[in-house]
Each structure stands twice: as C-alpha cells, then as structure tokens.
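In: I would like to see how this sequence folds:
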Amino acid sequence: SEVMAILCLSSDLADLKERLGRIIAAYDLDGRPITAKDLGVHGAMTLLLKDAIKPNLVQTLENTPCLIHGGPFANIAHGCSSLKATRLALKLADYVVTEAGFGADLGAEKFFDIKCRYGNLNPDAVVLVTTVRALKYNGGVKKEELTREDVGALERGIVNLQKHIENVKKFGVPVIVAINHFSSDTGQEIALIKDKCAQWGVEAAVTNVFAEGGEGGIELAQKLCEIISGHPSSFKPLYGLELTIKEKIETINREIYGGGDVIFTDKAQKEIKQIESLGYGNLPVCMAKTQYSLSDNPALLGRPEGFTLTVKEVRLSAGAGFVVALTGEIMTMPGLPKVPGANKIDIDESGRITGLF
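Out: Numbering: from 1, shown residues only. Below you'll find the predicted structure:
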C-alpha cells in the first residue's frame, strides 16, 4: 500500500527514488529506523517502477481521453490517482475531473488533506456522486430490495448525503450533487433528492451516462461549469500540520465523521509516541476505516453521531508522507470477491468481447 501511495504522490523519478528510500523496513536494537535507503535497495525499487510512474492514456467509448494512473485504496490509503496524471491533465485541458475513491468521508477528505497539500492543488468544485439505491440502503433497505420504490427509506437515508455535503463545504469548495441514475429509480425518488438538495442550497443533476454516454451527462457538465465560473473556491485543508497526531485524528472524527470520543489503544499510543519522537508528528493523517459507514462500524448506517471511534494501531508511511491510523475491523490487504469479475470476461474467435458490462 505504501509503495502505491508513493507512486501516486511522487512528482518525478528523483522524487520517487527519494520517497522509496524513506520507507521504514525495520528498527535496529536501539529502536532506530532502518530505511530502504539504508539497505541500498531504493535504486533497484525505482528501476522496477521507472515505467509505472508514467501516466496511462486511455479513452472512453466516445474517444474522450482519460488518464488512469495508480490505485491506492481509499479505505487504507489516500485513495486518489497520481499527482503526475493530474498535473498532466491540467496542462492539456480547461477542465479536469479527478476521482477521490469511496465516500467523501474517506476519498474527498484525503484528496484535500493529503493530495492537494502535497501537490499544491486548489480544486474549483466538487461533484458529489450519489444514487437512490445507496441512500435507500442507508435508510435500512436490504440490498436485494433496493430496486423497489421506497420513498420512506430514501427520506431516512438521505441524511447521509446531507452529511457529505456539509463535509465538503468545510473545505471551502462549492459542491454539486450528481444523481447517478439506475433504471429502477422512480420519478418520486429522484424528485425527493432534488428537493432536499435545493433545501440545503446545492445544485443537483441527474446523470445517465451509463445508458446514454456523454449525452446523459450534459446537464451536470453545464451546471458544474456555471458553478465554477460563478462561485469561486476558497479551498483550505481541514487541519494544520502543527497539530499533534492525536489532535488531527480527533479533528477528522469530530468534523468529518460526526463522532464523539476517540479511544487510542495502548499499542496505538505507544506507536504515536514513537512516531512523534522520530520527528514525523507533522505529517497528515490517513485514516484506515470502513467505507460502509461514517463511523468505524460498517453496521452504523445513515448519519450516526456521537459514537466512539477506536484507533487500534498507528503506522508510519514515511515514504508516502503520512501517518496511517487503523480503526475498526479493517483489512489492510483488500482481496477479490468469491467470484472475481474477470471470470465473466471473454473474447471469441471473431474478436467479440463479452462480460465487460
């Protein structure tokens, strides 16, 4: 995970080598860190990544250029594509849209507090993507029943969207809600989301790009351009780097998750003390947390408040340039589902591809 994060936060080959060299592989008998540079392997690691650091140019089905580069999971890392890809895109286009993975409590917070901080980026607007299905799920509907109309569940679950909107606004960036349309969505459900967004003072647009391609995203694109031109961003990170590691974690829990107390295990407290004693207390914090809830408990849906967040472990990613705080039952090595999507992909003798959609 740290090597992927390093790849995505490196500005060039020299920076990549330096960051790889800062990876702490072990500690000696006196408790001093042993880095990849100490072991003399950072040069070889850089060589292995000399082509991987180059952004990949692909295209959509409508031939729109897309830069796909990197894959740090937002539940255990910072969840954003590479700085190199973003900077390249900014040189090539008037508008650049980049993804911050999982919920805005994870991807967006880390994009702002980690990627934008290191890349000196000043985002102009946020497109907050939601679905009727996700909001009904947050309202208590089982996954197998999400295709049925249930305005009551949507009314209960939409508080989750409200919290994400509030979170984005705390960074001083204008926001628009994109309602990613599914064929099972009803007019009444869509209208409810739009009405709520209007009450909260944010624009909303239905996107139907899955079914209609670019045509299905025109309304969103037009509204987004209007917001960018008419509502200047005053972007600022959530916290200052001068805060202690505990203070940063407590700030994220309180302001972004909506939690109350933070409990640090004895192990976590010992690790924080060691990290700060080594001079790394001024790094941003990367929260390792479930993507299914605003809390560290995936079963707490909707908008939980006042819950207790437990930090079990704190790891130093010195090369990536952040401290990772592990909460809840989080896996640091995500695995594939029981039946991976690749099992459905095939190509016949005529070159016809199946299983991608």
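
In: so who does the most centrally placed residue in the chain touch?
Out: When C-alpha atoms, centre = their mean is applied to the chain, the residue found nearest the centroid is G107 (1.6 Å). With contact set as C-beta atoms under 8 Å, 6 or more residues apart in numbering, G107 has these partners: A74, G79, C80, E99, A100, G101. In this view, the C-beta of every residue, glycine as well, is placed from N, C-alpha and C.

In: Can you get me a residue count around the fifth one?
Out: Here the neighbour count serves as a burial measure; for A100 (other C-beta atoms under 10 Å) it reads 22.

In: My reading is that L316 is in a strand; is that accurate?
Out: Yes. Assessed by DSSP: H, G, I helix; E, B strand; the rest coil, L316 belongs to a strand.

In: and the residue lying closest to F112 once chain neighbours are set aside, what does it touch?
Out: Excluding the flanking residues, the one nearest F112 by C-beta to C-beta, 6 or more residues apart in numbering is F171, at 5.0 Å. Residues near F171 by C-beta under 8 Å, 6+ apart: A108, F112, F235, K236, P237, L238.

In: Spell out which helix or strand contains the nearest residue to L316 once chain neighbours are set aside, please.
Out: Leaving aside its chain neighbours, L316 sits nearest to I275 (5.0 Å; criterion: C-beta to C-beta, 6+ apart). According to DSSP states H and E, I275 maps onto helix 266-277.

In: send the alpha carbons of the helix or strand that that helix is followed by over as CSV?
Out: Going down the chain from helix 266-277, the next helix or strand is strand 285-288, by DSSP H and E. Output of strand 285-288 as CSV, limited to C-alpha atoms (Å, rounded to 0.1, in the frame of the first residue of the first chain):
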residue,chain,number,x,y,z
VAL,A,285,-3.1,11.6,8.9
CYS,A,286,-4.6,8.9,6.6
MET,A,287,-7.5,7.2,8.3
ALA,A,288,-7.9,3.4,7.6
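
In: re earlier: pull out the buried positions in the helix holding I275.
Out: A268, E271, I272, I275, E276 (16 or more other C-beta atoms under 10 Å).

In: other SSEs contacting it?
Out: helix 245-252, strand 309-317 (3 or more C-beta pairs under 8 Å, 6 or more residues apart in numbering; DSSP states H and E).

In: Let me know the pLDDT of D51.
Out: Looking at D51, its pLDDT is 95.

In: how close does it get to L192?
Out: Computed as C-beta to C-beta, to the nearest Å, the D51 to L192 distance reads 49 Å.

In: between these two, which one's more packed in?
Out: More neighbours surround L192 than the other of D51 and L192, with 17 against 7 (other C-beta under 10 Å).
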